[in-house]
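Undergrad: Here is a sequence with its predicted model. Questions after.
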Amino acid sequence: MSYFTQLLEGGYEAVHLLSDSRTGLRAIVGMHNTRLGPGLGGTRALATYTSEEEAVADALRLARGMTYKAALAGLPHGGGKAVIMLPRGNFDRAKLFESFGRAVESLGGRYITTEDSGTSTDDMEHVRKHTKHVVGLKERSGDPSPVTAYGVARAMEATAKHVFGRPDLKGLRVTVLGVGHVGMYLVKELHERGAKVWVSDINAASVAHAVKEYGATAVDADTLHRMEADVFAPCALGGAINDATLPLLKVKAVCGAANNQLLTMRHGEQLAGRGILYVPDYAANAGGLINVAQEWAGYDREKAYARASNIFDTIDTVLRRAKESSLRPEQVADRMVEEKLAA
């Protein structure tokens, strides 16, 4: 499929291919819908993209998700996302991200970047040397992961209200797939709320930390998927709900921090068919975006957490409307966003 076909069929505004032969920079910035404000979204940096087409598709898919996440959270921003195809072998990371900063600046403020998978606050410090259109900076809001995790915990409390009849997590059995930055903070939030937590991750050190610090139980991924539990929380990369994993799930709800948890929309249908409530990922994991949006407006930690706390109300509304209609929660959330964009 040509790039123009992808843009037109998906309602995208632009895709920018940005390069620098001196540093090896190969970056793609996808812009979905900026009707509500400049695009705001993180930069994903990976060496695992097998082609430019794959990287472009990832940037566009993620940009669309940011449009929906920002709109549902009531933020004055649109959907933008960047991916960097990291060079294979040795390269100067600082120089590459400085080059990326110049590339972001060339977009004239239509896109504001921050960290994401494969990038860090250190990388953003190099980006900021050449553009003001960057957030998630150390001396301002810093790492958004704690706020993302807090928002997911609030989403899970709203889920518990609808599924278990009480808006708290004490005693609930939660399985967490992925204990990276956000996943680990979520385990901490769950531990503080009295939930029983099982974790799985390819990083043995992260798993050990979750076990030691937060009393989690370690299991392998296959065991995690097969466990009888109350809530499954995907917190790694996307596509966690797929043809292989979905039939294994023995939970009442799915509510996690990962983006694009459903590999395809039909997997949402299949979850509903099995009586498993799916909480739209972009509604549950908006805390990080809320945090960096607050930084762009003028950072106030209390305001960021207060707004992230409102994710409970958003999920409560989505699940209530889903119950009142024949629609699934992800369909309800999409309609709420589309109504805002059309207003």
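TA: Done, it's in.
Undergrad: Is G30 part of a helix or strand, or is it coil?
TA: The three-state label given to G30 by DSSP: H, G, I helix; E, B strand; the rest coil is strand.
Undergrad: That one touches L62, doesn't it?
TA: Yes - using CB atoms under 8 Å, G30 is in contact with L62, at 6.8 Å. Heads up, the C-betas are built off the backbone N, CA and C, glycines and all.
Undergrad: Looking at the two, which has the bigger crowd around it?
TA: Neighbour tally, G30 and L62, criterion other CB atoms under 10 Å: the higher count belongs to G30, 31 against 24.
Undergrad: wait, what's in contact with the more buried one?
TA: 12, 14-16, 56, 59-64, 80-82 (CB atoms under 8 Å, 6 or more residues apart in numbering).
Undergrad: what does K95 give?
TA: Applying CB under 8 Å, 6+ apart to K95 gives the contacts 22-23.
Undergrad: mind running it again at 7 Å?
TA: By CB atoms under 7 Å, 6 or more residues apart in numbering, the contact list for K95 reads T23.
Undergrad: Tell me the residues that contact both of G30 and L62, please.
TA: K81.
Undergrad: Export the contacts of G30 as a markdown table, with columns for secondary structure, distance to T23 and pLDDT.
TA: Below are the contacts of G30 laid out as a markdown table (DSSP: H, G, I helix; E, B strand; the rest coil; distance: CB to CB, whole Å; pLDDT from 0 to 100):
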| residue | secondary structure | distance to T23 | pLDDT |
| --- | --- | --- | --- |
| Y12 | coil | 27 | 94 |
| A14 | strand | 23 | 96 |
| V15 | strand | 21 | 96 |
| H16 | strand | 17 | 97 |
| V56 | helix | 20 | 95 |
| A59 | helix | 19 | 94 |
| L60 | helix | 24 | 94 |
| R61 | helix | 26 | 89 |
| L62 | helix | 23 | 91 |
| A63 | helix | 24 | 94 |
| R64 | helix | 29 | 93 |
| G80 | strand | 22 | 97 |
| K81 | strand | 21 | 97 |
| A82 | strand | 15 | 98 |
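Undergrad: Mind putting these into JSON lines with distance to A71?
TA: Conversion of those to JSON lines gives the following (distance: CB to CB, whole Å):
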{"residue": "Y12", "distance to A71": "15"}
{"residue": "A14", "distance to A71": "18"}
{"residue": "V15", "distance to A71": "20"}
{"residue": "H16", "distance to A71": "22"}
{"residue": "V56", "distance to A71": "23"}
{"residue": "A59", "distance to A71": "19"}
{"residue": "L60", "distance to A71": "17"}
{"residue": "R61", "distance to A71": "17"}
{"residue": "L62", "distance to A71": "15"}
{"residue": "A63", "distance to A71": "13"}
{"residue": "R64", "distance to A71": "11"}
{"residue": "G80", "distance to A71": "13"}
{"residue": "K81", "distance to A71": "15"}
{"residue": "A82", "distance to A71": "20"}
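Undergrad: So S21 versus V29, what's the distance?
TA: Computed as CB to CB, to the nearest Å, the S21 to V29 distance reads 18 Å.
Undergrad: more neighbours, those two?
TA: Using other CB under 10 Å, the more surrounded residue of S21 and V29 is V29, with 27 against 7.
Undergrad: Is the more buried one in contact with S19, as I believe?
TA: No - in this structure, V29 is not within contact of S19 by CB atoms under 7 Å, at 11.9 Å.
Undergrad: Count the residues that sit near Y305.
TA: Residues near Y305, counting by other CB under 10 Å: 18.
Undergrad: Can you check the pLDDT for it?
TA: On pLDDT, Y305 comes in at 97.
Undergrad: same check, this time on Q261
TA: 94.
Undergrad: For C255, give me the backbone phi and psi.
TA: Recorded main-chain torsions at C255 are phi -150, psi 110, according to degrees, to the nearest 10.
Undergrad: Please read the previous query as pertaining to A240.
TA: A240 adopts backbone torsions of phi -70, psi -30, taken as degrees, to the nearest 10.
Undergrad: Verify the contact between it and P234 for me.
TA: Yes - at 3.6 Å, A240 counts as touching P234 under the criterion of CB under 7 Å.
Undergrad: Quickly note the distance from the residue minimising distance to the centre of the chain to A240.
TA: Compute the mean C-alpha point of the chain, and by CA atoms, centre = their mean the closest residue is N259, 4.0 Å away. Plainly put, N259 is 10 Å away from A240 if you go by CB to CB.
Undergrad: residue ranges of the helices in this protein, please?
TA: All helices of the chain, identified by DSSP state H, fall at 3-10, 52-72, 93-105, 121-127, 145-164, 181-192, 204-214, 221-226, 265-273, 281-284, 287-298, 301-309, 311-324, 329-342.
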